[in-house]
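Participant: build me a model from this:
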Amino acid sequence: MVSASWSSAPLVRALLPGRPMRTLLLVLASTGLMGCLSTAVRELGSDVLVRPVFRGPHFDFGLPPVEPLSVRTADGLTLKARVYRPPGAPRGQLLFLHGRDENHSLGNEAVRRFVPKGYVVVTLDQRAHGESEGAQMTYGAREVDDARRVLESVKVWPAFVMGHSMGAAVALQLASRDPSVAGVVAASPFDDLRTIWRDVTPSVVDDALFAQTVARADEKGGFDSRLVCPRCDAPSIRVPVLLLHGLGDRLIGVEHSRRLKAALGAKAELVLFTEVGHWDLTERPEVWDAVEAWLARRP
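Facilitator: Residues are numbered from 1 along each chain as shown. So this is what the prediction gives:
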C-alpha cells in the first residue's frame, strides 16, 4: 500500500509486476478472485498506514548524562522519553519528535548541538515506537496531546519543538493548539495526511479502493485522518516556524513544505537543500547549522 521507502513494497506491484499485470488482472476478474485481492489490499494496506513497521534500534553513545522520563497518555499508555539538561540555568526547552518507524535516537544530534548551548533537550519515543507503549500511530490526532504532556512534565520555558517527517506534522499541529510552544522546526513535513497517503499509494490502487483502505485505517487507528492537516492548522499557528526540506525527497515531496509556507505566510521560513533526500536530512551538518542559526535568533 505504501512505497518501499516506508519499508514495505507495494502489495499490488509485488503481486503484479511488469507486463503480465493486465493478463493476471483479467484472470483474477474472471475467476472471482479480484474481490479477494481488494480485501487483502484494504486490510494489509490499512495496517501499514497505522501500524509502524519497525521500532528500531537506538544508539545513544557520546551523549551527556540522561534523565529518564515516563509520561502517561490520555488513553493510558506509558511513553518513554530522555531528558538532557545543561549544567547551568536553562535558556529553554527543545522537544524532538521523530517520524514513523524511527525512535528517540534520531534526535541525538539535537542533544549534542543544543545542550551545550543551554537548552534542555528532550527526545521522545512517540506512541507505538521505540520503548513507548501502543500499537497504532495517529500522526497527530493523539500525538499532539502526548507531546503537550511531555512539555508540561519537563516544565522549562520557552519551549521549542522540532520534528522530522510525521514528527514535523505533529509539531505543527501542537503549535496550533498549545500556546506554550514558542516556535517550531519542521523537517520534511507533510501538509495533509490523506494527501501524503495518496502520494505514496501505487497508482494501480484506484480511488474507490484507496478510500476503503483509508476508512479501514481510520477504524483501526480510532481517529479521523481528514482532521490531520497541518496546512489547515496554519492560521492558528502564531509562532515562528522553520521549514526544512530536501529537494531530493522522494517520500514527502518538497511541494508539501511549499504549500505549508504559503499557508503560514511571513511567520515561516523555508530552507531547501540540494542533493538531500528524506531519510538523510537529519544527518546533514548544514541542516543542523540552519536550525542553530534559527534558534539563535529567538529571544
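
Participant: how much space separates the spatially most central residue of the chain from Met137?
Facilitator: For the chain, Met166 is the residue whose C-alpha lies nearest the centre (Cα atoms, centre = their mean; 0.9 Å). Look at Met166 and Met137: by Cβ to Cβ, to the nearest Å, they are 7 Å apart. The way it works is simple: take the backbone N, C-alpha and C, and place the C-beta from them, glycine included.

Participant: give me the common contacts of those two.
Facilitator: Here Met166 and Met137 share the contacting residues Arg100, Gln126, scored by Cβ atoms under 8 Å, 6 or more residues apart in numbering.

Participant: could you find the closest non-adjacent residue to Arg284?
Facilitator: Val276 (5.8 Å; Cβ to Cβ, 6 or more residues apart in numbering).

Participant: now that neighbour. Its backbone dihedrals?
Facilitator: phi -130, psi 130 (degrees, to the nearest 10).

Participant: residues contacting it?
Facilitator: Val276 neighbours (Cβ under 8 Å, 6+ apart): Gly246, Leu247, Gly248, Asp249, Arg284, Val287.

Participant: and the strands in the stretch 101-250 of the chain?
Facilitator: 119-124, 159-164, 181-187, 241-246 (DSSP state E, counting those that start in this stretch).

Participant: looking at these, which is nearest to Trp294?
Facilitator: strand 241-246 (4.6 Å; Cβ to Cβ).

Participant: from the contact counts, what lies against that closest one?
Facilitator: strand 181-187, helix 254-264, strand 268-273, helix 285-296 (3 or more Cβ pairs under 8 Å, 6 or more residues apart in numbering; DSSP states H and E).

Participant: for Pro64, find the nearest of those.
Facilitator: helix 285-296 (16.9 Å).

Participant: so for Ser38, which of the strands of the stretch 101-250 of the chain sits nearest?
Facilitator: strand 159-164 (33.7 Å).

Participant: the closest one pairs with which strands, and in what direction?
Facilitator: strand 92-97 (parallel), strand 181-187 (parallel) (DSSP bridges).

Participant: pipe the ones you listed into CSV and attach mean pLDDT and distance to Leu106 per row.
Facilitator: Shown next, in CSV, are the strands paired with strand 159-164 (pLDDT from 0 to 100; distance: least, Cβ to Cβ, whole Å):
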stretch, mean pLDDT, distance to Leu106
strand 92-97, 98, 7
strand 181-187, 98, 10
